[in-house]
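Peer 1: Turn this into a structure:
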Amino acid sequence: MDTLKRNAWGPAFAALLAATTAGPSLDRDALRRSVAGLPDADVTGALVRVAGSAGHWWGVSGVADAGTGAPVRSDSSFRIGGITRLFTHAVMLQLAGEQRVDLGTPVVRHLPGLLPESHRQVTVGQLLDGTSGLPALPSLTYGDGSNEWFTEHRFDSWSPERIVREALKEQREFTPEAAEPRNGIEDLLAGLVIEEITGRSFAREVRERIARPLGLRCTHVPDADDVTLPEPCSHTYVATGGGLTDVTARSPHAWAAGGMVSTAADLDRFLTALLEGRLLGPAQQELLATHGGLERTVLPDGRELLGATGSGPGFVCGVLAAPDLSRRVAYSLACIRAQGSGEIPCVQGIVEAAFRTG
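Peer 2: Residues are numbered from 1 along each chain as shown. As a prediction, this is how the structure comes out:
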């Protein structure tokens, strides 16, 4: 899959969303093959939900608990990593629609003292469209990048303010208005701006503005000291010292950048509402392509999908949809090795099977 995190779709975007038609049937055999044979050397368990005009398909494979052999459940909760940014950006765009924030306003006006003078011109809008030039997450949060480091430090917690300050200490040459990959710092700052504007917690804003109105009963922003994952869930593991270490419990310090918890059904409902325009006013819906945190995935046959992906030590997940919402997929995998290795073929197989026709 070729994932591009900068998007520009133009006026045809709204028309595509309104043009949902009954599509070809699901290739259920291909879907079953995409999650067959688990657990293996890379993935312990998988959960897949496909929905759309051709019907629904649920697939589970592997084990939810390597110790007991308990199977994966279709209603399992999981950490959604970078998919969190879709919620963060949606809340900020709602506030813009209410004229409570101007996207052209410098961030320092809302968060004085957090950004240095060299970053005084970074705007709220640049946090959303990925052109702030701010640095990536600091080594404070990932150490040497090894599974061993993460296992030892998985309960460590840092405030978003500290993470931002540490990142700025490691700042490479600043390139304002340069489009760069999403780095987490922008979304942490967006969460802080949301709290400053509303006077309420980011978790409450997500709950009151998105989760409760859409009936997302299994979606929430964990408290800073909540290391648990609600049951039912699939355990996540990383390979350390020749064995597997259970890292299901961990700090949710990624917060507005990647700390949320949800389910496949909730993510599908949320992405559908977002793309249908049920969360944003018309002017903000026009900004969704550039400021909504959406990713564009291109299938081998050239078709484009919209949505977001997330990952962390021991897991990868995603929620993707055809622009007209006629076919959608949400998935979560518990993967053993370092991210970006053995789970990639499995993810590719799931996504390609989900959008294949039978």
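Peer 1: Going by C-alpha atoms from here, please, whenever you check contacts or count neighbours.
Peer 2: Will do.
Peer 1: Over to Pro345. Which of the three states is it?
Peer 2: Recorded secondary structure, Pro345: helix (DSSP: H, G, I helix; E, B strand; the rest coil).
Peer 1: Per-residue pLDDT of it, please?
Peer 2: As summarised for this prediction, Pro345 has a pLDDT of 90.
Peer 1: and it, how far is that from Ser34?
Peer 2: Counting by C-alpha to C-alpha, to the nearest Å, the gap from Pro345 to Ser34 is 9 Å.
Peer 1: In terms of neighbours, single out the busier of these two.
Peer 2: Higher neighbour count among Pro345 and Ser34: Ser34, with 23 against 12, using other C-alpha atoms under 10 Å.
Peer 1: Now do the contacts for the nearest residue to Phe87 once chain neighbours are set aside.
Peer 2: Using C-alpha to C-alpha, 6 or more residues apart in numbering and skipping the chain neighbours, the partner closest in space to Phe87 is Val206 (6.9 Å). Under the criterion of C-alpha atoms under 8 Å, 6 or more residues apart in numbering, the contact list for Val206 reads Phe87, Thr88, Val91, His220, Val221.
Peer 1: do you know how far Ala353 is from Arg33?
Peer 2: For Ala353, the distance to Arg33 under the criterion C-alpha to C-alpha works out to 9 Å.
Peer 1: Those two: which has the busier surroundings?
Peer 2: Comparing Ala353 with Arg33 by other C-alpha under 10 Å, the one with more neighbours is Ala353, at 22 against 12.
Peer 1: Please could you give me each C-alpha atom of the helix or strand where the more buried one lies, formatted as CSV?
Peer 2: According to DSSP states H and E, Ala353 maps onto helix 343-354. Extracted C-alpha coordinates of helix 343-354, given in CSV (Å, rounded to 0.1, in the frame of the first residue of the first chain):
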residue,chain,number,x,y,z
GLU,A,343,2.8,-7.5,9.9
ILE,A,344,2.9,-5.6,6.6
PRO,A,345,2.0,-8.5,4.3
CYS,A,346,-0.9,-9.3,6.6
VAL,A,347,-2.2,-5.7,6.6
GLN,A,348,-1.8,-5.5,2.8
GLY,A,349,-3.7,-8.8,2.4
ILE,A,350,-6.6,-7.7,4.6
VAL,A,351,-7.0,-4.3,2.9
GLU,A,352,-6.8,-5.7,-0.7
ALA,A,353,-9.2,-8.5,0.2
ALA,A,354,-11.6,-6.1,1.8
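Peer 1: top of the contacts of Val206 by neighbour count?
Peer 2: Of all the contacts of Val206, the most densely surrounded is Thr88 (26 neighbours; neighbours counted as other C-alpha under 10 Å).
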